[in-house]
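**Q** Attaching a predicted model along with its sequence, questions to come.
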Amino acid sequence: MISILHLLLSRSQLSVRLLSLCILAFLVLIAGFPEAALAQLDRAAIAEMQTQASSEGWTFEVGENEATKYPLEQLCGLKEPEGWRTRANFNQMTATSSNAVLPSAFDWRTYNGCTPIRNQGGCGSCWAFSTVGALECAIKIRDGKSVDLSEQWLLSCNQAGWDCDGGWYAHSYHGLLADGCNGTGAVLESDFPYAAWEVPCACPYPHHYSIDNWAYIGGNNSVTGVEAMKRAILEYGPISVAVYVNSAFQAYRSGIFNYSTNGIINHAVVLVGWDDSQGSNGVWIMRNSWGSGWGESGYMRIAYSCCQIGYAACYVDYRPVRITGQNNFGSAPLAVDFQSEVIGSTATGFTWEFGDGGISHDANPTYIYNTPGCYTVKLTVNTPDGDLYKLSPNLVSAHADTLRGIATQIDSGGSERMDLSVRNSLPLDNITIPFSWDGPFHLSYDSSSLTGTRAAYFGEITTVSVDIANSRAAIMLQRGTKRPLAAGNGVVASLWFTVASGLAGVNPVNFISYGLYAPLLESGTTAYEPVLEAGYFFRDVSIGCCTGKVGDVNQSGGDEPTISDVSALVDHLFITRRSLGCIEEADVNQSGGAMPSENALTISDVSRLVDHLFISGQPLLNCL
């Protein structure tokens, strides 16, 4: 009996030991799979965020997505190396390094410059996906090929110890540093598929693509400046940047993300474009590596500077073909001198596409843009190793920008308003408007206002100078922290004057330069003077009435003048001398300028109108 009891006790103890070993083995097993040990973003947490979003008026939606099934620690693996700035190569990216005009909105996706969204899964390899994402997009832009490069090669074969627990930008392995088998350059996904864990490196692997260089953008600071990043995106393609990710970022579904919280940067992504008109001050278009089921098909619109977006921004320089356009900004017609530079290859042929239908096969052509607009220029370079491409969005801006005063009819003295209109082809940061007044109405300047104008959201208009003795003043519109004034046409400010005289006539308000002030439109680092068209107050005169096309003598309102307009003008000049409703529209050759009198109407206007209708078809101008 005792032997039997000892045997049973021994078996029982053995069972306990076996059970203990199983439990221990299970704990070891789940320790190897952090996603089972760490809490994911569950429905309760998401519901709590949705309540917070509603109460705080978030401009984006949160909910379950591909990323919320992983703990945040597994998604965010960017770790900043100590002292990296002392060894880094920086490019300031000023207007001289990239002379393309910065548009108010740009997106490489619209130029077929982005490869499909990737998914890093439950491995903190965002650093590898940001590295590969920038190069894949550069290859798409330069070579016209959509390639799938291996993040796993960077994850498994880097020599810095980076893995699923974290790493840093690995651009150098795509052209400068070697793996354990002395191989340098990008590896194809098909040669080393992604496994989302540290698969042993079994090099050598074939290396199909290599970058020529890479650099950090801007100065030796933390978050790179907005303009410098924009210029790098235009010049080199999508760029790698760091960001701080919080739970709301992880659960992002759509909208403009602007929930900024403090923390240490922990995630690497790619910026593919921007839009100054969205949000309170503009947004980046951000490409993530959490699958197409996250965010807006794998992308996010995130407010400038939110969550330190743009920290340690950097670009890759792949198969460099440089194109520049000297005198690439100015009023139309605009003659631009283009220059090409091909580094590392022998060019055997060139094809320039200037964006308006014109082409050239010269290496360094000069091209004239007759029609105002912003133009994207493409250069195809033939080499013995294949064709190279360079696409420069908005490289040329031939503008017809104007600053004009609106003709204003007054009936009596007192306070009168004159609206000022600007046509701008670029987003504007500042507008300087110096002006003078003199004439029969004995004007005195009172104030200025943005109320009811398209610049109302600027919130900042200042009278920076008043010189009563010389009847002149200057105002300045400044955007401050607001978004730029989008390209467009319309009233941007109003001037208020007191009219002392009750005389009939015309009183001009001219745009001038004096002292430190000149009429100026400023966009980023670009500043230029628009074409100036004076405004005027008038009383009891038949000007300021032109609303259609010069030549509409009988004011029928048609899109084009007809023989009836010729008859009306001949009748006025030589037969009944019946008065006309609008002298401006009858001054076909515009010999009288902005404020014509009846003396400006001659037989030359009849000839000009007949020539337009029946001979050369030379176009007539719209009303000033």
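**A** Perfect, I can see it now.

**Q** Quick check: closest non-adjacent residue to Leu75.
**A** Ala67 (5.9 Å; CB to CB, 6 or more residues apart in numbering). Placement of C-beta: from N, CA and C, glycine included.

**Q** Look at that neighbour and give its secondary structure.
**A** coil (DSSP: H, G, I helix; E, B strand; the rest coil).

**Q** Number the residues from 456 up from this point.
**A** Got it, the first residue is 456 from now on, which makes the last one we talked about Ala522.

**Q** show me the contacts for it.
**A** Counting by CB atoms under 8 Å, 6 or more residues apart in numbering, Ala522 touches 496, 530, 705-706, 745-746, 749.

**Q** Of those, which is the nearest to Asp618?
**A** For those, the residue nearest Asp618 by CB to CB is Leu530; the value is 14.6 Å.

**Q** Quick check: that closest one touching His722?
**A** Yes: using CB atoms under 8 Å, Leu530 makes contact with His722 at a distance of 7.2 Å.

**Q** residues shared between the contacts of the two?
**A** Here Leu530 and His722 share the contacting residues 581, 700, scored by CB under 8 Å, 6+ apart.

**Q** Low-confidence regions, the chain specifically.
**A** Scanning the chain for pLDDT under 70 picks out 456-494, 867, 995-1003, 1034, 1048-1050, 1078-1079.

**Q** what's across from the residue nearest the centre of it in the sheet?
**A** Centroid-nearest residue in the chain, with CA atoms, centre = their mean: Ala560, separated by 3.4 Å. Residues in a beta bridge with Ala560, per DSSP bridges, are Asp730.

**Q** where's it relative to Ala982, distance?
**A** Noted for Ala560: a distance of 21 Å to Ala982, by CB to CB, to the nearest Å.

**Q** And for Leu898?
**A** Relative to Ala982, and taking CB to CB, Leu898 is found at 29 Å.

**Q** Over to Tyr844?
**A** For Tyr844, the distance to Ala982 - CB to CB - is 32 Å.

**Q** For these two, work out which one has more neighbours and name it.
**A** More crowded of Tyr844 and Ala982, by other CB atoms under 10 Å: Tyr844, with 16 against 13.

**Q** Now do the contacts for that one.
**A** For Tyr844, the contacting residues are 596-599, 776, 833-836, by CB under 8 Å, 6+ apart.

**Q** What ranges does the chain have for its helices?
**A** With helices called from DSSP state H, the chain shows them at 457-486, 489-492, 498-511, 527-530, 581-598, 606-612, 681-691, 702-705, 1018-1029, 1038-1041, 1058-1065.

**Q** and the last one, what does it pack onto?
**A** Counting contacts by 3 or more CB pairs under 8 Å, 6 or more residues apart in numbering; DSSP states H and E, the secondary-structure elements packed against helix 1058-1065 are helix 1018-1029.

**Q** mind listing what the residue lying closest to Asp562 once chain neighbours are set aside touches?
**A** Nearest non-adjacent residue to Asp562, counting by CB to CB, 6+ apart: Gly728, 3.6 Å away. Residues in contact with Gly728 (CB under 8 Å, 6+ apart) are 560-564, 688, 739-740.

**Q** ok, Gly728 to Thr917 distance?
**A** The spacing between Gly728 and Thr917, counted by CB to CB, is 33 Å.

**Q** Much appreciated, bye for now.
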